[in-house]
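S.K.: sequence and predicted structure below; questions after.
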Amino acid sequence: MGGVVRRMSETAAQRGTGNGDDRQSGGPWPLLRRWGPGIASHVALIVLWHLVVVLGEIPPFIMPTPWQTLQTLWQPDYQWPGHIAITAGEVFGGYLLAVTIGVGLAVAFTWSRPVERSAMPVLVTLNMIPKVAMAPLFIVWLGYGLFPNMVIAFTISFFPILLTTARGLREVEPELLDLVRALKGSRWQIFIKIQLPGALPYLFSGMKVATVLAVAGAIVGEFMGSSGGLGYLMQSRQGFLDTAGMFMAVILVSLIGVLMYGAVLLLERLVVVSDARVE
Amino acid sequence: MHGLSSRADIAEPFIRMRNVRKVYRTRGQDFLAVSDVTLDVGAGELVSLVGPSGCGKSTVLKILAGLHSHEGGEVVIGRAGYGPEAFEAGRDVGMVFQQPLLLKWRRVVDNVLLPAEILGLPMRAARERALDLLDMVGLAGFADKYPYELSGGMQQRAAIARAFIHDPKLVLMDEPFGALDALTREKMNLELLRIWQDSRKTIVFVTHGIQEAVFIATRVAVLTAGPARMADTFTVDLPYPRELGLKSTAAFGDYTRRIYDLLEM
């Protein structure tokens, strides 16, 4: 029995451990080297904006300076907090709906081929419709307010989530299935232990794309008809040629998108092992 | 020392395949993948199935795993000569493939535990066993690493540990070292022999490496190209434990020559 027990001689060190090996030196310098250029280019963009307006003597109703734009923030008559809350609510609500229904449909498709074969072509066709063109109809059907704008945000953002998740659930190595089936593993075990965790990176790549789309959807809805939100604010300020206020609204809308994206990224880092991520 | 006399095992085989046929039906066309395979494997044997690519070796393995049906002939596993317990399809099969197929999001030990989870085995005991197995395959201390932190050879060691976790009576290996470089492959051959002698499992090992087939096996079954047909089966009468130096002996050369002749090379 036995024989000499030989230990492995290949080591993980030869391959590196995947991350962090190239920034071993301590102190703030590596951080600065990593993030410095990105921050600098943002500052440069703002400086450039300022210089173009000042040196080109552009009137404020065409383009305000960064400072003039920022100043609108503390003027109470804009009622920023309320408008931000409305838009953020629409974006978030529509997005949540998109994730729920997108993932739900993707799961249904992997469980039933006939359902996929019949429903998927219809969804692809519907996806060809420019969602923005549907906005006026949604308003006819659903009226003004938060809900129709949420629905528009949903329709725009749900398809990429469905597509990436469905693809992720399908990407299973056939031999891995053999391995589980040889153990008489159930369909449910394959789904819960292999398919679903394997699809997470794909789901997240879809969710990242969808954040930007959801924001766009909510704003389009507000343009079409609403009584609040940053899109509504922009339209109402357009009449006064209040360009600074409109600029600020655009910046705040973008910020909502950035924060959403950041939150999804953070969640991904918590949930998905680094090697499995899909960029 | 494994003094397996092949005649005795064949008289009371653990696996008994007789004139097995397998036909795939794709788009109304029949494709004969396996035409006539007859093979006996004794309990505790390590048998190589060797043959060119596409000769249906993998199909034979999948039939043994219960993944494929077969049209003609008979396949019996574990009827006689293997203690009081009968062979139970599912619970008693471990598989290793050419790719490690580790789940990227699971740590090595949790990958090894996958079959135990699927079979619903008591997890506390299984976890202990997983750590022992990782020790056995030379991965002690790597239990909490993720697959991407391991080299290809190490990943395949983890895959072997996974195939043993539920203590199956039969381990099926489908070109398990085919994706590794030549040196790692030879090292893994030695490791496999050690693991086999430690565990005393019955192993069926599919390969297209003629040297590998002879070096590890108690017996070699040679299959010719599609449809798979059994060209010959012979016992490798070389003593264990085997060392790599064996490959340069005349006796070893006679065995490999025999396979080359059968494959008309």
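M.R.: It's in.
S.K.: report the backbone C-alpha coordinates of stretch B:184-199 in PDB.
M.R.: Extracted in PDB, the C-alpha atoms of stretch B:184-199 (Å, rounded to 0.1, in the frame of the first residue of the first chain):
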ATOM      1  CA  THR B 184       3.400  17.500 -16.300                       C
ATOM      2  CA  ARG B 185       1.600  14.700 -17.900                       C
ATOM      3  CA  GLU B 186       4.300  12.200 -17.000                       C
ATOM      4  CA  LYS B 187       4.300  13.500 -13.500                       C
ATOM      5  CA  MET B 188       0.600  13.100 -13.300                       C
ATOM      6  CA  ASN B 189       0.800   9.500 -14.600                       C
ATOM      7  CA  LEU B 190       3.000   8.700 -11.600                       C
ATOM      8  CA  GLU B 191       0.600  10.500  -9.300                       C
ATOM      9  CA  LEU B 192      -2.300   8.600 -10.700                       C
ATOM     10  CA  LEU B 193      -0.600   5.300 -10.100                       C
ATOM     11  CA  ARG B 194       0.100   6.300  -6.500                       C
ATOM     12  CA  ILE B 195      -3.500   7.400  -6.000                       C
ATOM     13  CA  TRP B 196      -4.900   4.300  -7.600                       C
ATOM     14  CA  GLN B 197      -2.700   2.000  -5.400                       C
ATOM     15  CA  ASP B 198      -3.700   4.000  -2.300                       C
ATOM     16  CA  SER B 199      -7.400   3.900  -3.100                       C
END
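S.K.: that one close to chain A?
M.R.: Yes - shown here: stretch B:184-199 in contact with chain A (C-beta under 8 Å from any C-beta of the partner chain) through B:Thr184, B:Lys187, B:Leu190, B:Glu191, B:Arg194, B:Gln197, B:Asp198. In this view, the C-beta of every residue, glycine as well, is placed from N, C-alpha and C.
S.K.: which of the residues you listed count as buried?
M.R.: The neighbour count (16 or more other C-beta atoms under 10 Å in any protein chain shown) marks B:Thr184, B:Lys187, B:Leu190, B:Glu191, B:Arg194, B:Gln197 as buried among the residues of stretch B:184-199 next to chain A.
S.K.: can you list those residues in TSV and add pLDDT and secondary structure?
M.R.: Putting these into TSV (pLDDT from 0 to 100; DSSP: H, G, I helix; E, B strand; the rest coil) gives the following:
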residue	pLDDT	secondary structure
B:Thr184	89	helix
B:Lys187	90	helix
B:Leu190	93	helix
B:Glu191	90	helix
B:Arg194	91	helix
B:Gln197	91	helix
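S.K.: now these in TSV, with distance to B:Met17?
M.R.: Listed next are these as TSV, based on distance: C-beta to C-beta, whole Å:
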residue	distance to B:Met17
B:Thr184	32
B:Lys187	31
B:Leu190	29
B:Glu191	28
B:Arg194	28
B:Gln197	25
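S.K.: and for B:Ser139, nearest residue in space, chain neighbours not counted?
M.R.: Rather than Ser, residue B:139 is Leu. B:Arg157 (5.4 Å; C-beta to C-beta, 6 or more residues apart in numbering or on different chains).
S.K.: tell me what the strand or helix carrying the one you found is packed against?
M.R.: B:Arg157 belongs to helix B:152-164 when assigned by DSSP states H and E. Judged by 3 or more C-beta pairs under 8 Å, 6 or more residues apart in numbering or on different chains; DSSP states H and E, the packing partners of helix B:152-164 are strand B:93-96, helix B:108-112, helix B:114-119, helix B:123-136, strand B:170-174, helix B:182-199.
S.K.: most packed of those?
M.R.: Among those, ranked by average contacts under mean count of other C-beta atoms under 10 Å in any protein chain shown, first place goes to strand B:93-96 (a mean of 26).
S.K.: what mean pLDDT does that one get?
M.R.: Average pLDDT, strand B:93-96: 94.
S.K.: can that strand be said to contact chain A?
M.R.: Yes - using C-beta under 8 Å from any C-beta, strand B:93-96 reaches chain A at B:Val93, B:Met95.
S.K.: low pLDDT regions in chain B?
M.R.: Chain B contains residues with pLDDT under 70 at B:1-12, B:79-85, B:226.
S.K.: tell me the residue furthest from the middle of it?
M.R.: What lies farthest from the middle of chain B is B:Gly28; by C-alpha atoms, centre = their mean that is 32.7 Å.
S.K.: backbone dihedrals for that residue, both of them.
M.R.: With angles defined as degrees, to the nearest 10, B:Gly28 sits at phi 70, psi -10.
S.K.: could you do A:Glu268 as well?
M.R.: As for A:Glu268, its main-chain torsions (degrees, to the nearest 10) stand at phi -60, psi -40.
S.K.: same check, this time on A:Ala263
M.R.: According to degrees, to the nearest 10, A:Ala263 has phi -60, psi -40.
S.K.: what about it, how many neighbours?
M.R.: Residues lying near A:Ala263 (other C-beta atoms under 10 Å in any protein chain shown) number 13.
S.K.: hang on, the earlier thing: between the buried ones among the residues of stretch B:184-199 next to chain A, which sits nearest chain A?
M.R.: B:Arg194 (5.2 Å; C-beta to the nearest C-beta).
S.K.: which residues does the residue nearest to A:Val273 when sequence neighbours are not counted contact?
M.R.: Distances taken as C-beta to C-beta, 6+ apart place B:Trp105 nearest to A:Val273, at 4.6 Å, with adjacent residues excluded. Counting by C-beta atoms under 8 Å, 6 or more residues apart in numbering or on different chains, B:Trp105 touches A:Pro197, A:Gly198, A:Leu200, A:Val272, A:Val273, A:Ala276, B:Tyr146.
S.K.: now, which of those residues sits nearest A:Pro114?
M.R.: A:Gly198 (23.3 Å; C-beta to C-beta).
S.K.: in whatever helix or strand the closest one lives in, what's buried?
M.R.: In the assignment (DSSP H and E), A:Gly198 maps to helix A:196-224. Using 16+ other C-beta under 10 Å as the test for burial, helix A:196-224 gives A:196-222, A:224.
S.K.: contacting chain B as well, which ones from those?
M.R.: A:Pro197, A:Gly198, A:Leu200.
S.K.: I figured the last one hits A:Gly168, correct?
M.R.: In this case it means A:Leu200. Yes - using C-beta atoms under 8 Å, A:Leu200 is in contact with A:Gly168, at 7.3 Å.
S.K.: can I assume A:Gly82 sits in a helix?
M.R.: Yes - the assignment for A:Gly82 (DSSP: H, G, I helix; E, B strand; the rest coil) places it in a helix.
S.K.: any idea what B:Val93 is bridged to?
M.R.: Bridge pairing for B:Val93 (DSSP bridges) gives the partners B:Leu170.
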